[in-house]
Every structure is written in C-alpha cells, then in structure tokens.
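S.K.: I'll drop the sequence and a predicted model, then ask my questions.
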Amino acid sequence: MKHGIKAIGPEIHMLNHMITKNLTWHVKAAGIDEITLMHGWIMRYLYENREHDIFQKDIEKTFSIGRSTVTSIIKLLEKMGYVKREFVEHDARLKKVTLTEKGVKNNESIEDLIKKLDMMLEEDIGKEELEHFFNVTAKIKKNLEKQKTECKKGGIECLEHLEHF
C-alpha cells in the first residue's frame with residue numbers, strides 16, 4: 001500500500017473470484033459445465049496454439065502448475081474425449097497434446113461465452129482506460145517475475161527482507 005490506497009493483491013483476488021463465479025454460472029446455464037475452469041483454460045490454450053506442437057511441459061509452464069496436476073488434467077480430458085496424446089515423428093518419447101473434434105467444439109462454445117463476458121467487463125470503460133489497465137497488469141506481472149527470480153537467487157529482494165512495508 002505504497003500510496004495509501006487499496007492493496008493490489010486483494011483487489012485482484014476479489015476480481016478473479018467474481019469473474020470465475022460469473023463464468024461458471026454462464027457455463028452451467030449453457031449446459032457445458034462438465035469441465036472445470038482450469039480445464040477450459042487449458043483447452044483454450046491448446047485451441048489457440050493448435051498450429052504448434054504442445055507438450056505437457058508447455059502447459060505446466062504456461063499455467064504455473066505442477067507436473068502431476070497437468071498429468072491428472074490431461075488424463076481426465078482424454079477420458080472425456082476432449083484431448084488426445086500423440087507421438088511426434090522426431091522423438092518417439094514425446095507426446096504432443098491436441099484437441100479432439102469434441103474438444104474444438106466445446107472450446108468454441110466456451111470462447112463465445114468468454115467474449116460475451118469480456119464485453120460485459122469492458123462496459124463503461126474507455127479504450128484509453130483499458131490500455132492503461134493492461135499496461136499496469138503487465139508491470140505487475142513483470143514485478144512478480146522479478147521477485148520470483150530474485151528470491152530464487154537468494155537475493156535481498158525476497159519479501160521477508162523488504163523493509164519499506
């Protein structure tokens with residue numbers, strides 16, 4: 001709370017919670033609620049990157065989630081018929097993760113809902129305000145990555161060493 005205003009973390013957490021609840025409600029109302037939001041985000045990632053080979057490690061890195069979690073999610077989505085794992089020609093040890101036709105159709109339905117939700121979220125917010133918002137969130141992400149890097153190096157930038165709080 002550098003400037004005596006609200007703290008960033010709780011505000012982002014509250015917005016995330018509200019957006020998640022809203023999207024969950026809309027997904028259930030549309031009858032496509034058999035997967036969780038995280039499953040949906042992963043399927044969206046696969047959909048948006050379908051021209052590239054996507055491997056489990058890519059999903060782990062993109063969503064900052066552990067290997068066992070991603071393995072469980074992929075197995076479940078595979079069992080439900082949304083994704084499949086395929087060997088790649090250049091390395092038989094690797095399996096790329098791709099959407100099935102069912103996964104593509106489900107993703108397109110969810111994508112329509114997300115676009116509508118984004119339009120609702122942007123209501124009464126001007127273009128400049130949105131640009132400013134995205135600039136600020138980019139800086140927050142950069143600060144978090146910097147903090148993570150410094151802490152991993154054992155630097156003095158770790159939270160327990162910050163004196164100006």
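M.R.: Alright, I've got the coordinates.

S.K.: starting at the chain centroid, how far to the longest helix along the chain?
M.R.: Ranked by residue count, the top helix of the chain under DSSP state H comes out as helix 127-152. Chain-centre distance of helix 127-152: 15 Å, with CA atoms, centre = their mean, to the nearest Å.

S.K.: Which positions within it qualify as buried?
M.R.: The neighbour-count check on helix 127-152 (16 or more other CB atoms under 10 Å) flags nothing as buried. (Each C-beta comes from the backbone N, C-alpha and C, glycine too.)

S.K.: Got the domain ranges for this protein?
M.R.: Annotated domains of the chain cover 8-122, 124-165 [automatic domain parsing].

S.K.: want to throw those into a markdown table with mean pLDDT?
M.R.: Supplementary listing: the domains of the chain in a markdown table, determined by pLDDT from 0 to 100:
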| stretch | mean pLDDT |
| --- | --- |
| domain 8-122 | 89 |
| domain 124-165 | 80 |
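
S.K.: Could you say which of those is packed most deeply?
M.R.: Most buried of the domains of the chain, by mean neighbour count (mean count of other CB atoms under 10 Å): domain 8-122, with a mean of 14.

S.K.: Tell me how far Val136 lies from Lys116.
M.R.: Going from Val136 to Lys116 by CB to CB, to the nearest Å gives 24 Å.

S.K.: Please apply the same query to Gln56.
M.R.: Gln56 is 31 Å from Lys116, by CB to CB.

S.K.: Check Phe63 too.
M.R.: 23 Å.

S.K.: Output stretch 6-26 as PDB - backbone C-alpha positions only.
M.R.: Only the C-alpha atoms of stretch 6-26 are listed here, as PDB (Å, rounded to 0.1, in the frame of the first residue of the first chain):
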ATOM      1  CA  LYS A   6      -6.200  -0.200  -1.600                       C
ATOM      2  CA  ALA A   7      -3.800  -3.200  -1.800                       C
ATOM      3  CA  ILE A   8      -3.400  -4.700  -5.300                       C
ATOM      4  CA  GLY A   9      -3.400  -8.400  -4.300                       C
ATOM      5  CA  PRO A  10      -6.800  -8.500  -2.500                       C
ATOM      6  CA  GLU A  11      -8.400  -6.500  -5.400                       C
ATOM      7  CA  ILE A  12      -7.100  -8.900  -8.000                       C
ATOM      8  CA  HIS A  13      -8.100 -11.900  -5.900                       C
ATOM      9  CA  MET A  14     -11.600 -10.500  -5.500                       C
ATOM     10  CA  LEU A  15     -11.900  -9.700  -9.200                       C
ATOM     11  CA  ASN A  16     -10.700 -13.200 -10.100                       C
ATOM     12  CA  HIS A  17     -13.200 -14.700  -7.700                       C
ATOM     13  CA  MET A  18     -16.100 -12.600  -9.100                       C
ATOM     14  CA  ILE A  19     -15.100 -13.400 -12.800                       C
ATOM     15  CA  THR A  20     -14.800 -17.100 -12.000                       C
ATOM     16  CA  LYS A  21     -18.200 -17.300 -10.400                       C
ATOM     17  CA  ASN A  22     -19.800 -15.300 -13.200                       C
ATOM     18  CA  LEU A  23     -18.200 -17.500 -15.900                       C
ATOM     19  CA  THR A  24     -19.100 -20.700 -14.000                       C
ATOM     20  CA  TRP A  25     -22.700 -19.600 -13.800                       C
ATOM     21  CA  HIS A  26     -22.800 -18.900 -17.600                       C
END
